[in-house]
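S.K.: Fold the following for me, if possible:
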Amino acid sequence: MFGIPGKQAVTLTPAATKQIARLMEKDGSKGLRIGIKKGGCAGMEYTMDYVCEVDAMDEVVEQDGARVMIAPMAQMFLFGTEIDYEVSLLESGFKFRNPNVVDACGCGESIKFDESLTQGT
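M.R.: Residues are numbered from 1 along each chain as shown. Sure thing, here's the model as predicted:
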């Protein structure tokens, strides 16, 4: 596990907690796994997938009936991130407020991390 002992890697807003719990109930999953992958115009993208089994290497964050697993390779990139769920007239979705991001593309789907974090990924 990456980070500070006793401190969760990510925090969930009440809106995110409610939406994740709703998705878990609808899908019957054990939660959502959050990761990152190479891609997009800024270099990296967030991933979210339903989880049937919790991996022993995942960081697990549980809050008010919601469960998020952070994939091992994403833990250092996501530490300190707040996950929110926003609804507007044009779109709704999860928003990541990540202090480790140094740049993002205009669409908000692709992110860039400090070079020291991305070496070796």
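S.K.: quick one, longest helix in this structure?
M.R.: As assigned by DSSP state H, the longest helix anywhere in the chain is helix 14-27.
S.K.: can you pull the buried residues of it?
M.R.: Of all the residues in helix 14-27, those buried under the rule 16 or more other Cβ atoms under 10 Å are 16-17, 19-21, 23-24. To be clear about C-beta, it is placed using only N, CA and C from the backbone, and glycine gets the same treatment.
S.K.: Provide the contact partners of that helix at residue level.
M.R.: Contacts with helix 14-27, where a contact means Cβ atoms under 8 Å, 6 or more residues apart in numbering, come from 12, 29-32, 50, 63-68, 83-86, 94.
S.K.: Okay, buried residues for the helix or strand following that helix please.
M.R.: Heading C-terminal from helix 14-27, the first helix or strand you meet, by DSSP states H and E, is strand 31-38. Within strand 31-38, the residues scored as buried using 16+ other Cβ under 10 Å are 31-36.
S.K.: any idea which of these is closest to Pro72?
M.R.: Of all the buried residues of strand 31-38, Pro72 sits closest to Gly35, with 8.9 Å by Cβ to Cβ.
S.K.: Now that closest one: closest residue in space that isn't a chain neighbour?
M.R.: The shortest distance from Gly35 to any non-neighbouring residue, by Cβ to Cβ, 6 or more residues apart in numbering, is to Ala71 (3.7 Å).
S.K.: Now do the contacts for that neighbour.
M.R.: 33-36, 47, 55, 58.
S.K.: Give the buried residues for the helix or strand harbouring Gly93.
M.R.: Using DSSP H and E, Gly93 falls within strand 92-97. Within strand 92-97, the residues that qualify as buried are 94, 96, counting by 16+ other Cβ under 10 Å.
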